[in-house]
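# Here is my input; please provide its structure:
(one chain, ligands or ions: 1)
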Amino acid sequence: MAGKTTETYTADQIQRLEGLEAVRRRPGMYVGGTDIKALHHLVYEIVDNSIDEALAGACDSIEVAIHKDSSVTVSDNGRGIPVDIHKEAKKSALELVMTELHTGGKFGGGGYKVSGGLHGVGAAAVNALSAWCEVRVQRDNKIWFQRYEKGRPQGDVKPIGKAPDSTTGTTTTFIFDNTIFKDVDYRFETLRDRFREMAFVTKGVTIRFRDERADREMTFHFEGGITSFVRYLNRLRDPIHPVVYADKEVEGVGVEIALQYTDHNQPMEFAFANTINTLDGGTHLTGLRGAVTRVTNDYARKAGLLKADDPNFSGDDTREGLTAIVSIKHRDPQFESQTKVKLMNPEVQTYVQQVAGEALGAFLEENPRDAKAIVEKCLLSYRARDAAKKARDLVFRKSALESATLPGKLADCSERDPEKCELYIVEGDSAGGSAKQGRDRHFQAILPLRGKIMNTERARLDKMLGNNEVKALISALGTGIGDNFSLENLRYGRTLIMTDADVDGSHIRTLLLTFFFRYMQPLIEGGHLFIAQPPLYRVEFKKQVRYVYSDAQRDKVLKELGAADGAKAGIQRYKGLGEMNPEQLWETTMNPANRTLLQVTIEDAAEADRTFDMLMGSAVPPRKRFIQTHARDVKNLDV
Ligand code: 0RA
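Numbers count the residues shown, from 1 in each chain. Below you'll find the model as predicted:
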C-alpha cells in the first residue's frame, strides 16, 4: 500500500518529504534540540506566524491553548493562510506552508511583512515534529481543512464547512511527537512570560493563553505597548519620572523606545527585533544606549549640572537604575546567527539613536525637575563608580608596583643587606640635594618627595596613591601595599621621614604616617618607621659647635658653654633642612652617632589616621599638637 502511494509522488513531493524527514532526523538543526526549550519553540513558531499577521495590521487576537493531552491550538483572526492552488507546485498554498521548509517569504505579497519566526523554518518544521497536526483556515466564508501525520498530508486541502460572514483566521492544532520529544511537557510559566512579552511588543494585540491541563488562563493586552512593559518591569521599583516613549518609522524601519529611571542601581534593558527578544542586543540596543548617554551629558552640561571640569558621564553612569526597551520592526533583519540573539543591521543604530535622542532630549527640556532628578541619579552613579574604580586601580597598582623598577629619583645605597640599609624620605628637591651629598652612600638611600603632593586641596589619600612621588616611595620600599604587603621584600631596615619643622613639614609627615598606617601597617609594627629630627638651632661659642632641638635645650647648652647671657654666642635658627649644608645635615640628622630618631609606633600612626581629616584641614593648631605629642623619643637607638 505504502509502495503504491510512493510511486505516485512527483519529484517535487519527494523533495518535500525528504525535507520533513531531515527535520525529524535532526531536530537540533531546526528547533535547537529535543528538550523543553525546543518544545516551547514549536509553540513560538506557530504563534510567531500569527504575530506576523498582527504586525501586518491584519489580526488583533491570538488564542493559545494547551489541551489535556498536551496538544496545542493556536488560533488567530488574521486573513487566514491562503488556500488557493499554487501554479507551479499545483498544490494549495496552505499545504506548501505546512510541508515545505523556508516558505515564509513566498507569501509576503509586498505588505509590511516582518517575520519573527525563530528559525525561519516555520510551521513546516513544527508539522514534521508532530505526531499529527490539523489546520483550519477561515476564508471566503468557508472553513478549509488539512490534516498531517508526521508532516505528511492526509488528503488535500478541502472545505469542511461554512464560516460565518467575513470571519477570517487560521487555527492550527498539533501534538508534539513523543518519540522525538521524550519525557518533556510544556511549562506554563515559560510560555506565559513569552506571550506577555509578545503582547508588550505587539501593541494592541490580545493574547489569550489557556492551560487546560491545570485550568489556568491569562489574557495579555497592552494598549501602551512597551510603555506598559516598562511600567510592568518597574512595578517593584520606584520610578523617578514618567515613562519616556517614542514610536516612529525611519526609512521604513519601525522604531519604538520606552525608558524610565528608577531609584534602583541596576539597569534593565530589553531589545526586540521583529518581536524576537535579542538577548545579545545588537545595533538597536547600541543606538538606544548611545542616545541616552549623549543626551544626558548634553543636557547636564547645558543646565550647568556638570561643571566645566567634570568629566562626561560614561555609558554605565547614565544606565544605572534605567529601565529601557527598544523594539524595532524591520523588513530584512540581519542576525548574527541562526539563534537570532543579536541584531546586526548597521543602519538601525542610527535610526534608534535618532528617535531615542529626540524623545529623551525633548522630555528633559520640557520637564526640568525630572531632568534634574535624572542627572543627579547619574552623578551619584558616577561618584560611586569613581570610588570603586580607585579601589580597583589600587589593587592593580599593588601588583604593578611590586615588579616595578626602582624610581629614577631614588639615590640608592650600595649595601645589599636590607637590615643595614636606611631610606630617607626627604621633603623637597633642595633638601634632597643636601641629603644626597651629606649621606653615607654606603648604607643610606635618599628619596626626595616634592612637597606639592600634599598641597593639593586637603590631599585625599586615594589621590595620593595615584601620585607619582608616592608610587616611587612604594616601589623603593619593595613591599607592595595593602593586602599584598610583604615585609620579606622590604629593601630598607629603617625608613626615615625627614621633613622641615614647619607647617608644611608636619603636614607631609602626617600624611605619610596616615599612608603607612593604612597601607603598610606591618612596617610600623615591625619598628621600621622613624621620624628624623633635624635640629632647631646651631649654637657656636668659642669655636665649640652644638646643635639643639628645642628652646629649652638651647638655653641649657648656652649655660654649659659658659655663654649664659647669650653674649657673643653664635645662634643660628634653621627654618628648613635646605638651610643646612650637606656636612651639617650629616652631622646633626643623619649620622647615627649623633642623630636623634623618633620611632613611630602603631598608636602614633593610628592617631594620625584618626585625625587625618582634621589635620589635612585648614586648622593649624591641632596639627602642631599632634606632631608634638605623638612621637616617642628613642635617642641612642643607634648605639
Ligand atoms: C500569507 C499571506 C497572507 C496571510 C498569511 C500568509 C497568514 C499566515 C498565517 C499563519 C498563521 N496565521 C496566519 N495568518 C495569515 C495574506 C493573505 C491575504 O492577502 O488574504
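# can we go C-alpha only for contacts and neighbour counts from here?
Will do.
# Distance from stretch 197-205 to the middle of the chain?
29 Å (Cα atoms, centre = their mean, to the nearest Å).
# So is that stretch next to the ligand?
No - using Cα under 6 Å from any ligand atom, we find that stretch 197-205 stays clear of the ligand, coming within 13.6 Å at best.
# what pLDDT, on average, does that stretch get?
Stretch 197-205 comes out with an average pLDDT of 94.
# before we move on, what about stretch 525-532?
If you average the pLDDT over stretch 525-532, you get 94.
# and what of stretch 363-375?
The model assigns stretch 363-375 a mean pLDDT of 97.
# Give the buried residues for that stretch.
Buried residues in stretch 363-375, defined by neighbour count with 16 or more other Cα atoms under 10 Å: Phe363, Leu364, Asp370, Ala371, Lys372, Ile374, Val375.
# quick one: the third one and the ligand, what's the gap?
It refers to Asp370. The gap separating Asp370 from the ligand is 44 Å, by Cα to the nearest ligand atom, to the nearest Å.
# Which residue lies closest in space to that residue, excluding its sequence neighbours?
Leaving aside its sequence neighbours, Asp370 sits nearest to His241 (Cα to Cα, 6 or more residues apart in numbering; 5.8 Å).
# Next up, the contacts around the one you found.
Contacts were defined as Cα atoms under 8 Å, 6 or more residues apart in numbering; by that measure His241 touches Gln260, Tyr261, Thr262, Asp370.
# Same check on Met98?
Met98 neighbours (Cα under 8 Å, 6+ apart): Ala123, Ala124, Asn127, Gly151.
# How about the residues of the chain by the ligand?
Asn49, Ser50, Glu53, Gly78, Arg79, Gly80, Ile81, Pro82, Phe107, Thr170.
# which of those has the most neighbours?
Ser50 (29 neighbours; other Cα atoms under 10 Å).
# what's the closest of the contacts of His241 to Gln334?
Among the contacts of His241, Gln260 lies closest to Gln334 (Cα to Cα), at 28.4 Å.
# so what does the helix or strand the closest one falls within touch, helix or strand wise?
Gln260 belongs to strand 253-261 when elements are defined using DSSP states H and E. On a contact count with 3 or more Cα pairs under 8 Å, 6 or more residues apart in numbering; DSSP states H and E, strand 253-261 meets helix 226-233, strand 244-250, strand 322-329, helix 346-366.
# okay, those, which one's buried deepest?
strand 322-329 (a mean of 26; mean count of other Cα atoms under 10 Å).
# Parallel or antiparallel, which strands does that one pair with?
According to DSSP bridges, strand 322-329 forms sheet pairs with strand 253-261 (antiparallel), strand 268-273 (parallel).
# CSV for those, including mean pLDDT and mean neighbour count?
As requested, these are exported to CSV (pLDDT from 0 to 100; neighbours: other Cα atoms under 10 Å):
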stretch, mean pLDDT, mean neighbour count
strand 253-261, 97, 24
strand 268-273, 96, 23
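# Output those as TSV; include the columns distance to Ala11.
Formatted as TSV, the strands paired with strand 322-329 follow (distance: least, Cα to Cα, whole Å):
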stretch	distance to Ala11
strand 253-261	40
strand 268-273	37
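# which one of those strands lies closest to Tyr186?
Tyr186 lies closest, by Cα to Cα, to one member of those: strand 268-273, at 23.8 Å.
# Alpha carbons of that closest one, as CSV, please.
In CSV, the C-alpha atoms belonging to strand 268-273 read as follows (Å, rounded to 0.1, in the frame of the first residue of the first chain):
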residue,chain,number,x,y,z
MET,A,268,17.2,46.7,33.0
GLU,A,269,17.3,46.6,29.2
PHE,A,270,15.4,44.7,26.6
ALA,A,271,15.9,44.8,22.9
PHE,A,272,13.5,43.3,20.4
ALA,A,273,13.7,42.9,16.7
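# tilt between that strand and helix 226-233?
150 degrees (axes from the mean of the first three to the mean of the last three Cα atoms, to 10 degrees).
# List the contacts of strand 268-273.
For strand 268-273, the external contacting residues (Cα under 8 Å, 6+ apart) are 116, 201, 277-279, 281, 284-285, 321-330, 333, 343.
# just the contacts of Met98 now: which is nearest Lys542?
Nearest to Lys542 among those, with distances taken as Cα to Cα, is Ala123, at 113.7 Å.
# List the contacts of that closest one.
Glu45, Ile46, Val97, Met98, Thr99.
# want to throw these into TSV with pLDDT and distance to Ala384?
Output for those, formatted as TSV (pLDDT from 0 to 100; distance: Cα to Cα, whole Å):
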residue	pLDDT	distance to Ala384
Glu45	92	45
Ile46	96	47
Val97	93	56
Met98	95	56
Thr99	93	58
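# Make a PyMOL selection of whichever of these turn out to be buried.
Here is the PyMOL command that picks out the buried ones among these, judged by 16+ other Cα under 10 Å:
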select buried, resi 45+46+97+98+99
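# what comes up buried for stretch 376-383?
Those would be Lys377, Cys378, Leu379, Leu380, Ser381, Tyr382, for stretch 376-383 by 16+ other Cα under 10 Å.
# swap in stretch 199-218?
So for stretch 199-218, counting by 16+ other Cα under 10 Å, buried means 199-211.
# Just tell me which of the strands paired with strand 322-329 ends up closest to Lys543.
Closest to Lys543 of those is strand 253-261 (Cα to Cα; 80.3 Å).
# Distance-wise, check Ile85 relative to the ligand.
When distance is defined by Cα to the nearest ligand atom, Ile85 is 13 Å away from the ligand.
# start at 478 instead
Will do, 478 is the new start, and the previous item becomes Ile562.
# show me the contacts for that residue.
Lys568, Ser569, Ala570.
# again, but for Leu964
Applying Cα under 8 Å, 6+ apart to Leu964 gives the contacts Thr956, Pro999, Leu1000.
# Can you report how many residues neighbour the first one?
A total of 22 residues lie near Thr956 under the criterion other Cα under 10 Å.
# tell me how far stretch 811-828 is from the chain's mean position?
Relative to the centre of its chain, stretch 811-828 is centred 22 Å away, using Cα atoms, centre = their mean.
# I misspoke; the intended subject was stretch 1019-1038.
In terms of Cα atoms, centre = their mean, the centre of stretch 1019-1038 is found 65 Å from the chain centre.
# All the strands of the stretch 578-727 of the chain, residue numbers only.
Counting by DSSP state E, counting those that start in this stretch, the stretch 578-727 of the chain has strands at residues 607-616, 619-626, 629-630, 635-639, 646-653, 683-688, 693-698, 721-727.
# For the stretch 478-627 of the chain, which residues score under the pLDDT cut-off?
478-486, 579-598 (pLDDT under 70).
# switch the cut-off to 80
Where the stretch 478-627 of the chain drops to pLDDT under 80, the residues are 478-494, 579-598.
# quick one, helices of it?
Applying DSSP state H, counting those that start in this stretch to the stretch 478-627 of the chain gives helices spanning 479-484, 488-502, 504-508, 513-532, 570-576, 599-605.
# The stretch 778-927 of the chain now?
Counting by DSSP H, counting those that start in this stretch, the helices of the stretch 778-927 of the chain are 792-796, 823-843, 845-880, 906-915.
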